[in-house]
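Visitor: Build me a model:
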Amino acid sequence: LGNARKDDTVVLLSHSGNTKELVGVLHEMSNRGIYTAAIVGSENSDLGQGADVTLVASISEKEILGVVPSRSIISQEAVVNAVASEIVDRSSFSKEDFRINHPGGSLGNLLNKATEKR
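Guide: Numbering: from 1, shown residues only. Modelled structure (predicted):
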């Protein structure tokens, strides 16, 4: 959090939207003029009401045992993947950029091998 700057966007994920620690982060970022986005299960929550932009990822079924976050995590992950995909589609970010920023791991290795074959 100490590295967050005014040109950054901090994304906060919470199914309830009322996670105490994240509400504190939201207030700190807002006080510093840093743009915030929340991905929550309900717009009518502290994060949902306080963030600059809110994406609602609600679920229709109860969590495991009524309290174990599982379905909400999958719902939020789907939203994050959709947003990431849209950002890549709208930007000039390329496989080469990915390779440079993530040279290790299986994807980095795959892209490095493709580059070597050129």
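
Visitor: How about the backbone phi and psi for residue 7?
Guide: phi -90, psi 0 (degrees, to the nearest 10).

Visitor: again with the one 4 residues further on
Guide: Dihedral angles phi and psi of residue 11 (degrees, to the nearest 10) take the values phi -100, psi 130.

Visitor: nearest residue to it other than its sequence neighbours?
Guide: Closest residue to residue 11 apart from its sequence neighbours, by C-beta to C-beta, 6 or more residues apart in numbering: residue 37 at 4.8 Å. C-beta: built from backbone N, CA, C; applies to glycine.

Visitor: State the distance from that neighbour to residue 98.
Guide: 22 Å (C-beta to C-beta, to the nearest Å).

Visitor: Likewise for residue 79?
Guide: In terms of C-beta to C-beta, residue 79 sits 21 Å off from residue 98.

Visitor: ditto for residue 108
Guide: 8 Å.

Visitor: cool, residue 7 as well?
Guide: From residue 7 to residue 98 the distance is 22 Å (C-beta to C-beta).

Visitor: quick one: which helix or strand includes residue 54?
Guide: Using DSSP states H and E, residue 54 sits in strand 53-56.

Visitor: buried set for that strand?
Guide: For strand 53-56, the neighbour count (16 or more other C-beta atoms under 10 Å) marks 54-56 as buried.

Visitor: Specify which residue of residue 7 and residue 98 has the higher count of neighbours.
Guide: Higher neighbour count among residue 7 and residue 98: residue 98, with 14 against 7, using other C-beta atoms under 10 Å.

Visitor: With residue 88 as the reference, measure out to the more buried one.
Guide: From residue 98 to residue 88 the distance is 9 Å (C-beta to C-beta).
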